[in-house]
Structures are given as structure tokens and as C-alpha cells.
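Participant: With the sequence up front, the predicted model follows.
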Amino acid sequence: MLLVIDIGNTNISIGVYDADRLALSLRVATVINRMPDEYAALLLQLLDINGIKAESINKVALCSVVPPLTDTFEELSRRYFKAEPLIVGAGTKTGVKIRMDNPREVGADRIVNAAAAYQLYKTACIVVDLGTATTFDTVSADGEYIGGAIAPGLNTAAEALTSRASMLPRIELHRPEKAIGTSTVKAMQSGLIFGYVGLVEAVIGRIQAELPSQATVIATGGHADLLAAETRIFNTINHDLTLYGLRLIYYMNRA
Ligand SMILES: Nc1ncnc2c1ncn2[C@@H]1O[C@H](COP(=O)(O)OP(=O)(O)O)[C@@H](O)[C@H]1O
Ligand SMILES: CC(C)(COP(=O)(O)O)[C@@H](O)C(=O)NCCC(=O)O
Ligand SMILES: [K+]
């Protein structure tokens, strides 16, 4: 079976593919200083609880936007799964050609999302990944990664607000009843959530206006459901898009 790992700044998403079936998908918190053996202990336990034998995993693919953890998971793969992981990076075949000023600086997660979306839809695509950052990735109708946008993620924006203003509390990112907030917490929820809907719609609108054909808009990431409940701008939500892309790319590069 194939283990796929997407190392983000807040969470590490992990999946196990049994042929083309996603047999398991889970998330663990990103902790920069955690050692390979510590992540292995956590992962082996989670596999066991879910009835998956560690010995049945013989292939690993990963993408990371947290460089110190790339090495951690590379070592973990070798030591605990006896597998040389495919690490998505410069030189990895993905099925999308990268048209950027400096292709090497693009986050691997963004490329994986773009590759997955294009393989699924074969149209121009805009992937919106709502995580620590919110990334917008654009693929042209002929399968070229042509760039996008990066904005602070919802939680990141909320934390910035709380930490910069003495009287503003930490809040739960819940949708308030009304845009006119009648308390500090409700006012912050309104500004963050409804404001964020505007951000997402505006960026997608502008990207779309620069494209010659209608793009399919796919939302993914931790805040996708929260946003999708407030806007009709997404054509679809795919929580497993990055894991799906990792599997796709694994088989493009390894037999
Ligand atoms: N299942 C979930 N339901 C609601 N919010 C979530 C969920 N998983 C993650 N989040 C929120 O989404 C954000 C992280 O999203 P994620 O896509 O995991 O980020 P990253 O890829 O940057 O690590 C965090 O702010 C977290 O609170
Ligand atoms: C933009 C990101 C921080 C998003 O990370 P995430 O929210 O998934 O943790 C990451 O893709 C990254 O560090 N990218 C490098 C810069 C770029 O993509 O242009
Ligand atoms: K991510």
C-alpha cells in the first residue's frame, strides 16, 4: 500500500491508498521539533487502531512546505517502512508545466493540488486551499501551472488580530448570526468570516477575468467547509485533493 503525506504549517495530512482506494485519511498537528521516532510512534499507533498493518506499506510519497520536517519524514519512511519516499520537488514529473518566474520557489503542496485538479477536470482550474495560508493556484486549459495568489489563512488572520489588539480576545471561527455584530466576539466573527468570503470571491473573480476560458473552482483545506457554506463560488470541495495528487504523482515517477 502507498502512504501519502502532506506536511503543512498547521497539520500533517496522511493517507493510505490500497490501489486507488483511500483506505485511511487522518491529520496530526505539525510540530517542528518532533523526531522521526516520535512521529513514527504516533503514525504506527494510528495505523494499528485503524486496522492497517505497517508491513503492508511499501511505498511513500510526500510533499512538504516545512523543510525541517521533510527530512524527518524521509528518515521515518526509510526506517519504519523500508521505503525510499518520493518527495515532490524540482524535477518531479507532475503532469503540469510550471510557468513561474522561479518554479523552484512554489510550494510543493500547490503544485500537487494543481496536478490533481487538472487530472480530475481537464479544464482550466483554480484550486483554493484554505489552510495556514490561503493559496489560489491556477492551471490553464492546456495544463500549465500559471501562478496564483497567497493570502493569510482565516486562523492566521484571526490570530494576528488577537495578538495585535490588547482588547480583542481569541475567538472561535463560527459564523455569526448577522453581519452587524452586537458584541466584540460577534463583531470579530463577522469581520473575519464575511470579510474572508469577500476576499475569496474577489481573488477568484480577478483570476477568472484574466483567463480565456471558464475555470473549475475547487476548494480544499481545513477551512473549506466553513467558507463553502457562505458562497457559491466553489464548483466543488475535495478534502482529499492533495492526497489524491500525491498518489497520482507517485505513479508518474515510479513504476
Ligand atoms: N476538520 C477540521 N474542521 C475545521 N477546521 C479545521 C479542520 N482541520 C483543520 N482545521 C483548521 O484549518 C486550519 C489548518 O488547515 P490545514 O488545511 O490543515 O492547514 P495546513 O495545510 O496549512 O497545515 C487550522 O486553522 C485549523 O483550525
Ligand atoms: C503558501 C504556503 C505557506 C501554504 O502553506 P500551508 O498553508 O499549506 O501550510 C506554502 O505553499 C509555501 O510556503 N509556499 C512557498 C511560496 C510559494 O508557494 O510561492
Ligand atoms: K496544505
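Facilitator: Good, I have the coordinates. Numbers count the residues shown, from 1 in each chain. Ligands and ions are numbered 1, 2, ... in the order given.
Participant: Quickly note the distance from the residue with the largest distance to the centre of the chain to P176.
Facilitator: Most distant from the centre of the chain: T182, at 34.2 Å, with distances by CA atoms, centre = their mean. Distance of T182 to P176, computed by CB to CB, to the nearest Å: 9 Å. C-beta here means a position set from N, CA and C on the backbone, and glycine is covered the same way.
Participant: ok so Y118 is a helix residue?
Facilitator: Yes. Assessed by DSSP: H, G, I helix; E, B strand; the rest coil, Y118 belongs to a helix.
Participant: who does the closest residue in space to it that isn't next to it in sequence bridge with?
Facilitator: Sequence neighbours aside, V139 is the residue nearest to Y118 in space, at 4.7 Å (criterion: CB to CB, 6 or more residues apart in numbering). Under DSSP bridges, the beta-bridge partners of V139 are C125, Y145.
Participant: any idea of the pLDDT on the residue in the chain positioned nearest to ligand 3?
Facilitator: Across the chain, no residue is closer to ligand 3 than G8, which sits at 3.7 Å (CB to the ion). Per-residue pLDDT puts G8 at 98.
Participant: so how far is D101 from the residue in the stretch 151-255 of the chain positioned nearest to ligand 2?
Facilitator: Residue nearest to ligand 2 within the stretch 151-255 of the chain (CB to the nearest ligand atom): G153, separated by 5.9 Å. According to CB to CB, G153 and D101 sit 24 Å apart.
Participant: Name the residue in these two with the higher neighbour count.
Facilitator: Taking other CB atoms under 10 Å, G153 and D101 do not tie; G153 has more neighbours (23 against 7).
Participant: that older thread, who touches the residue nearest to Y118 in this structure?
Facilitator: Listed by CB atoms under 8 Å, 6 or more residues apart in numbering, the contact set of V139 reads 96, 114, 117-118, 124-127, 145-146.
Participant: circling back: isn't the residue of the stretch 151-255 of the chain closest to ligand 2 up against G131?
Facilitator: Yes. Under the criterion of CB atoms under 8 Å, G153 makes contact with G131 at 5.6 Å.
Participant: so what sits against both of those two?
Facilitator: Common contacts of G153 and G131, defined by CB under 8 Å, 6+ apart, comprise 10, 223.
Participant: per-residue confidence averaged over stretch 174-184?
Facilitator: Taken as a whole, stretch 174-184 has an average pLDDT of 98.
Participant: Buried residues of that stretch, list them for me.
Facilitator: Neighbour-count burial for stretch 174-184 flags 176, 181 (criterion: 16 or more other CB atoms under 10 Å).
Participant: quick one: terminal-to-terminal distance for that stretch?
Facilitator: Using CA to CA, to the nearest Å, the end-to-end distance of stretch 174-184 comes to 13 Å.
Participant: can you tell if that stretch touches ligand 1?
Facilitator: No. Applying CB under 6 Å from any ligand atom, one finds stretch 174-184 separated from ligand 1 by no less than 10.7 Å.
Participant: So what touches that stretch?
Facilitator: Counting by CB under 8 Å, 6+ apart, residues outside stretch 174-184 touching it are 167-169, 186-191, 193-194, 226, 229-230.
Participant: swap in stretch 26-45?
Facilitator: 7-15, 46, 50, 54, 66, 68-69, 72-73, 75-76, 79-80.
Participant: Sweet, I'm off.
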